[in-house]
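>>> next comes the sequence, and after it the predicted model I'd like to discuss.
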Amino acid sequence: MRQPIIEVENVSKSYGQNSWFSRNKPEYAVDGVTLAVNRGETFGIVGESGSGKTTLAHMILGILRPDNGRIKVLEHELTDSKVNLSDMSNKIQFVFQDPHGSLNPKKTVGWSIEEALHIHNVGDSAKRKEATLALMDRVSLSESYYDRYPHQLSGGQRQRVAIASALIMNPEILVIDEGVSALDVSIQASILNLLNELKKSMNLTLVFITHDLNVVQYFCDRVAVIKDGQLKEIFNVDTFHTDPHDSYTTHLFQSILED
Ligand SMILES: Nc1ncnc2c1ncn2[C@@H]1O[C@H](COP(=O)(O)OP(=O)(O)OP(=O)(O)O)[C@@H](O)[C@H]1O
């Protein structure tokens, strides 16, 4: 049975950059979006640059508050001011677009992965190290990387550290923003395979924000198409070639449809 783990209902967000010309109509980065992500699925969010994907993701993560609408994650209403967002943040984690930027260059791999355990006072230092090494093993980073710094790692290895850091608190949902686009194709494939494996072994739900239509095709179960902040369509990847589509989706996926 489909069980929604994220529910977004008529959500809008503007950054308030109204010009004199547009002062009667706020310019919405996200404009009246409604969607639901089911437990255990890989849900893609696609759209051109500036279409509002990251803004939507940040609202789902509780980093940004919507101007209008409701967001429920794991049965908690994020828009309810009584919800403790830092409790929620353990259950829904984010992997950044650029692992160069998201890892602290002055801190070791071990420190970066353990950071959340420190912040939440989980275990003593031996237990934290044990948990970190176990997770490093799961993301195929050998123990020898524990004391290394980000500049001593390849792009793919940095991405593995970013994924391990996101998983250390055992989240239920992982939001990945262009997680593989900076990597070359073979490394991308290995990171996607890793995410698929982790999804199964850790019972994760994945939300994947991307420009890359091939990633969508091979990796996602369902996909939301966003244009100018508005939801154009949600489609099922399995029936993509036989289902009718919104004209914008057809335009966006033209090359794949012609294959
Ligand atoms: N902090 C901000 N202040 C003002 N405007 C912003 C801010 N962040 C995003 N925007 C604007 O909101 C719109 C949506 O941006 P957003 O980053 O959500 O799009 P995106 O689809 O994730 O783009 P990309 O794929 O390039 O990352 C854009 O017009 C952008 O310029």
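The structure has been received and is ready for your questions. Numbering: from 1, shown residues only.
>>> around the ligand, which positions in this protein sit nearby?
If contacts are counted using Cβ under 6 Å from any ligand atom, the residues of the chain sitting beside the ligand are 15, 17, 29, 47, 49-55. C-beta coordinates here come from the backbone N, C-alpha and C atoms, glycine included.
>>> among these, which ones are buried?
The neighbour count (16 or more other Cβ atoms under 10 Å) marks 29, 47, 51-55 as buried among the residues of the chain next to the ligand.
>>> can I get these in a markdown table with pLDDT and secondary structure?
A markdown table is the format used below for those (pLDDT from 0 to 100; DSSP: H, G, I helix; E, B strand; the rest coil):
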| residue | pLDDT | secondary structure |
| --- | --- | --- |
| 29 | 95 | strand |
| 47 | 90 | coil |
| 51 | 92 | coil |
| 52 | 94 | coil |
| 53 | 92 | helix |
| 54 | 91 | helix |
| 55 | 94 | helix |
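>>> now the two most distant members of the residues of the chain next to the ligand.
Across the residues of the chain next to the ligand, the longest distance by Cβ to Cβ is 19.3 Å; it joins 17 and 47.
>>> in the protein, which helix or strand is least confident?
helix 99-102 (a mean of 64; mean pLDDT, DSSP states H and E).
>>> ok, then the element right after that one?
Remark: after helix 99-102, the chain's next helix or strand is helix 109-119, criterion DSSP states H and E.
>>> residues near the closest residue to the ligand within the stretch 151-259 of the chain, how many?
Residue nearest to the ligand within the stretch 151-259 of the chain (Cβ to the nearest ligand atom): residue 211, separated by 6.0 Å. Around residue 211 there are 15 other residues, counting by other Cβ atoms under 10 Å.
>>> try residue 244
The tally of other residues near residue 244 (other Cβ under 10 Å) stands at 8.
>>> note down every partner strand of whichever strand or helix holds residue 175 and its orientation.
Following DSSP H and E, the helix or strand that holds residue 175 is strand 173-177. Sheet partners assigned to strand 173-177 using DSSP bridges are listed as strand 92-95 (parallel), strand 205-210 (parallel).
>>> C-terminal to it, what's the next element?
Counting by DSSP H and E, the element after strand 173-177 in chain order, helix or strand, is helix 185-201.
>>> what residues sit buried inside that next one?
By neighbour count, and taking 16+ other Cβ under 10 Å as the criterion, the buried residues in helix 185-201 are 187-188, 191-192, 194-195, 198-199.
>>> stretch 217-228 too?
By neighbour count with 16+ other Cβ under 10 Å, stretch 217-228 contains the buried residues 219-220, 222-228.
>>> quote the end-to-end distance of it.
Stretch 217-228 has an end-to-end distance of 22 Å (criterion: Cα to Cα, to the nearest Å).
>>> centre of the chain versus it, how much separation?
Per Cα atoms, centre = their mean, to the nearest Å, the displacement of stretch 217-228 from the mean C-alpha position of its chain is 13 Å.
>>> next one: stretch 37-57
Remark: stretch 37-57 is offset 8 Å from the chain centroid, using Cα atoms, centre = their mean.
>>> ok, stretch 199-207 next?
Computed by Cα atoms, centre = their mean, the separation of stretch 199-207 from the middle of its chain amounts to 12 Å.
>>> so how far does that stretch reach from one end to the other?
Across stretch 199-207, the terminal residues are separated by 11 Å (Cα to Cα).
>>> mean confidence for that stretch?
Stretch 199-207 comes out with an average pLDDT of 95.
>>> then stretch 220-228?
On average, the pLDDT along stretch 220-228 is 95.
>>> equivalent analysis for stretch 239-257, please.
Per-residue confidence for stretch 239-257 averages out to 84 on the pLDDT scale.
>>> how about that stretch: buried residues?
For stretch 239-257, the buried set under the neighbour-count rule, 16+ other Cβ under 10 Å, comprises 240, 245, 248-249, 252-253.
>>> can you put those in TSV and add secondary structure?
As requested, those are arranged in TSV below (DSSP: H, G, I helix; E, B strand; the rest coil):
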residue	secondary structure
240	coil
245	coil
248	helix
249	helix
252	helix
253	coil
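>>> no further questions, thank you.
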